[in-house]
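> Curious how this folds, go ahead:
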Amino acid sequence: MRDPNNPCLFCNTKESGVVHENDLAYASYDSYPVSKDHCLIIPKRHIKDYFDLSQNELIACDELIKIVKNEIINKDQSVKGFNIGTNIGKDSGQSIFHCHIHLIPRRVGDVENPQGGVRSVIPNKQHYKRQK
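Just a heads-up that it's a prediction; the model follows:
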C-alpha cells in the first residue's frame, strides 16, 4: 500500500487531479468521496494544516470553495446543503499531512437524521436535544 505522505500526494497536482485552481490553491475531487462531487480544496504550498495557512492562502481557498460550490449546485439540483471541514492532526483523523479542506455536498435523505452535521465526528454527540 502506497504511503500518501511519502511523497506527498497533494504536492503532485498531476496525481491528485485539478478541477479548478488559482495561484495559491487548487480543487480536486476526493478519491474516497463521502458523497457525489465531494471535493478537496488544497493549498499548493506544502503545509501541515489549516492553522498554518497564510491570510492570502485562506482567501485563495475560500474563493475555490465558492467556485466549486456554485458549480456543484448548477449541475445537481438535488444538492441542498454542504459540510465544510478539515482534519487537523492524527487524533482528529488527518491521514495526509498536507492541509486540505473538504467540501461535501449534502442531499435530502443522504442520512436518516442529519441534525448535528459535523458534530458526528464524535457519533454520540451528533444528536442533541435543545434546552428550553
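
> Which of the helices and strands in this protein ranks last by mean pLDDT?
helix 13-16 (a mean of 84; mean pLDDT, DSSP states H and E).

> helix or strand right after that one?
Of the helices and strands lying after helix 13-16 in sequence (DSSP states H and E), the nearest is strand 20-21.

> Please spell out which residues along the helix or strand following that following strand are buried.
Proceeding N to C from strand 20-21, the next assigned helix or strand is strand 25-29, under DSSP H and E. By neighbour count with 16 or more other C-beta atoms under 10 Å, strand 25-29 contains the buried residues Ala25, Tyr26, Ala27, Ser28. In this view, the C-beta of every residue, glycine as well, is placed from N, C-alpha and C.

> just stretch 108-120 next, same as before
Quick answer for stretch 108-120 (16+ other C-beta under 10 Å): Asp110, Pro114, Ser120.

> again, but for stretch 116-132
Ser120, Gln126.

> what sits up against that stretch?
Under the criterion C-beta atoms under 8 Å, 6 or more residues apart in numbering, residues Asn83, Gly85, Ser92, Gly93, Asn113, Gln115 lie in contact with stretch 116-132.

> To what extent is the third one buried, counted in neighbours?
Applying other C-beta atoms under 10 Å, we find 11 residues neighbouring Ser92.
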